[in-house]
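Chemist: Give me the fold of what follows.
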Amino acid sequence: MAGPETLSPRSGEMVQKRPELFAAYIGTGQVGSWDRGLRFQRDFVRKRAGDEGNQEAVTAIDSIQNFDPGNLQHFLAVNRFLRGYFGKADREWLSSLRDRTQRATSPAEAQEIGAGMNLSGQALYPAVIREDLFAGAKNFQVPVYVIQGREDVSTPTPVATDYFNSIQAPSKKLFVIDEAGHFALVTHQTDFLRILQGIVREVRSLAN
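Modeler: Residues are numbered from 1 along each chain as shown. As a prediction, this is how the structure comes out:
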């Protein structure tokens, strides 16, 4: 399963509860809310499918009555087509992962890995759909930095930007890396490291 999730959706809550343990909060692949993320994905897939004449995807999206982001079947209907519209960087990264998995494992092992991922996704789904940082993680006592790929549609950058704009913090900055997607950390390492180094320098200067 792949959807509007983040690497660590609870990290913001940890920073809020124990700010004295953190110098700053840095988010990437930043979740905002499951509901807003999936609605963005639905509209994104529908527009791209319409623009490219993908009638199968158009029909699948348009056939959903009373769209509900908490409905697993509605999520699966959108997710079925989403990866086909990932940006170039994310598509190439996922392809490289598949190639390496095939080289490093037997077909049976690869199947077990996929089955395990699906099982985990299904088990976590009830908790994930409740995620809404707009409602519960907006006030920080430490500087906040968010690094996003402009083409991220897994944790959509427009939703992440809206969440960032809603945050109250001593200072905050949003960095958007062009031509990067959800996996900017690995696909655009040079840009990502440059931003991180700048953040470290800034946090140190703020602490002095």
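
Chemist: And for residue 73, the neighbour number?
Modeler: Neighbour count for residue 73, taken as other C-beta atoms under 10 Å: 8. Where C-beta positions appear, they are placed from N, C-alpha and C, glycine not excepted.

Chemist: same deal with residue 21?
Modeler: What residue 21 shows, counting by other C-beta under 10 Å, is a neighbour count of 9.

Chemist: Identify the residues contacting it.
Modeler: Residues in contact with residue 21 (C-beta atoms under 8 Å, 6 or more residues apart in numbering) are residue 14.

Chemist: As a check, name the ranges of all helices in this protein.
Modeler: Ranges of helices within the chain are 11-17, 34-52, 55-62, 72-82, 88-104, 107-128, 133-136, 157-166, 184-187, 189-207, based on DSSP state H.

Chemist: I'd like to know the average pLDDT value across the first one.
Modeler: The predicted model assigns helix 11-17 a mean pLDDT of 78.

Chemist: Who are the packing partners of it?
Modeler: If contacts are counted by 3 or more C-beta pairs under 8 Å, 6 or more residues apart in numbering; DSSP states H and E, helix 11-17 sits against strand 25-28.

Chemist: Name the helix or strand of the chain that has the lowest mean pLDDT.
Modeler: helix 11-17 (a mean of 78; mean pLDDT, DSSP states H and E).

Chemist: residues in contact with that one?
Modeler: 21-22, 25, 27, 133, 136-137, 139-142.

Chemist: Next: stretch 38-45.
Modeler: 3-4, 57, 61, 64, 67, 69, 74-75, 78-79, 81-82, 85, 153, 156, 158-159.

Chemist: So for that stretch, what gets flagged as buried?
Modeler: Applying a neighbour-count criterion of 16 or more other C-beta atoms under 10 Å, the buried positions in stretch 38-45 are 38-42, 44-45.

Chemist: now swap in stretch 173-184 and tell me
Modeler: So, applying 16+ other C-beta under 10 Å, buried residues of stretch 173-184: 174-177, 180-184.

Chemist: Quick check on the residue most central in space within the chain: phi, psi?
Modeler: Relative to the mean C-alpha position of the chain, the nearest C-alpha, by C-alpha atoms, centre = their mean, is the one of residue 155, at 2.5 Å. In terms of degrees, to the nearest 10, the main-chain angles of residue 155 are phi -120, psi 90.

Chemist: which non-adjacent residue is nearest it?
Modeler: residue 29 (4.8 Å; C-beta to C-beta, 6 or more residues apart in numbering).

Chemist: Give the burial count for that neighbour, as a bare number.
Modeler: 23.

Chemist: distance of it from residue 45?
Modeler: 19 Å (C-beta to C-beta, to the nearest Å).

Chemist: Let me know the pLDDT of the closest residue to residue 178 other than its chain neighbours.
Modeler: Nearest non-adjacent residue to residue 178, counting by C-beta to C-beta, 6+ apart: residue 150, 5.3 Å away. With respect to pLDDT, residue 150 scores 98.
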